[in-house]
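Asks: Predicted model, plus sequence, below.
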Amino acid sequence: PEVDQVEEPISTAEDEAAEAETPEQALQRELDERTDDLKRLNAEYTNYRRRSDRERQSVSESAKASVLSALLPILDDLELAKQHGDLEEGSPLEKFGSKFRETLKGQNLVTFGEPGEAFDPEIHEAVQDLSSGGEQVVGTVLRKGYKVGDRLVRNAMVIIADPEGAQSSADESAQADDNQ
């Protein structure tokens, strides 16, 4: 004959604790769970807000850089006019150029690419390399480069040369070789 076995549900420690829990303890546990949920939700919202602010700032800087990039040919033409003496003191074009440069400076447009500056392939576009080796500097600037904050708007177009001291010492060593 078979013996009927009655299966008893397996009780866990949580079940026993829940059964032994008073109504005040149950309310406190539920309050703690809700508080944790609220804290998690608040942290998610804070992170979302920060991320949105960063994205909005990035879009704004990108649009600003795009507009300033479109204005750079005008700035280049004003520089050429200045080099050729077409911007006479007090002329309307000179006044416009001055106001235009100040406006761009007010938008944090920064010029770079000066002769003697260390050559950096990230921001300088080299069209010719006249250097003899090791250290390279900007020799001639064919077109200035511009940045807005940390964002590169346009690379400087340059010719690479040797540093001033290295050039003169290389010339002196070449003359010494010729004399021998």
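Replies: Cool, the structure landed.
Asks: Check the burial of Arg51 by counting its neighbours.
Replies: Residues contacting Arg51 under the criterion other C-beta atoms under 10 Å number 10. To be clear about C-beta, it is placed using only N, CA and C from the backbone, and glycine gets the same treatment.
Asks: could you say which helix or strand contains it?
Replies: Arg51 is part of helix 23-83 when elements are defined by DSSP states H and E.
Asks: And the residue nearest the centre of the chain, its phi and psi?
Replies: With distances taken as C-alpha atoms, centre = their mean, Asp150 lies nearest the centre of the chain, 4.3 Å away. Asp150 adopts backbone torsions of phi -90, psi -10, taken as degrees, to the nearest 10.
Asks: Any figure for the gap between it and Val158?
Replies: 21 Å (C-beta to C-beta, to the nearest Å).
Asks: again with Ser131
Replies: 11 Å.
Asks: the more surrounded of these two?
Replies: Val158 (28 against 19).
Asks: Phi first, then psi, for the residue nearest to the more buried one when sequence neighbours are not counted.
Replies: In space, and not counting its chain neighbours, Val158 is closest to Val138: 4.6 Å by C-beta to C-beta, 6 or more residues apart in numbering. In terms of degrees, to the nearest 10, the main-chain angles of Val138 are phi -80, psi 120.
Asks: next one: Phe119
Replies: Dihedral angles (degrees, to the nearest 10) for Phe119: phi -70, psi 130.
Asks: Repeat that for the one 5 residues further on.
Replies: In terms of degrees, to the nearest 10, the main-chain angles of His124 are phi -110, psi 140.
Asks: Which residue or residues pair with it through a beta bridge?
Replies: Ala156 (DSSP bridges).
Asks: Give me the distance from the helix holding Arg51 to the chain's centre.
Replies: Here helix 23-83 is found 15 Å from its chain centre; the criterion is C-alpha atoms, centre = their mean, to the nearest Å.
Asks: I appreciate the help and will end here.
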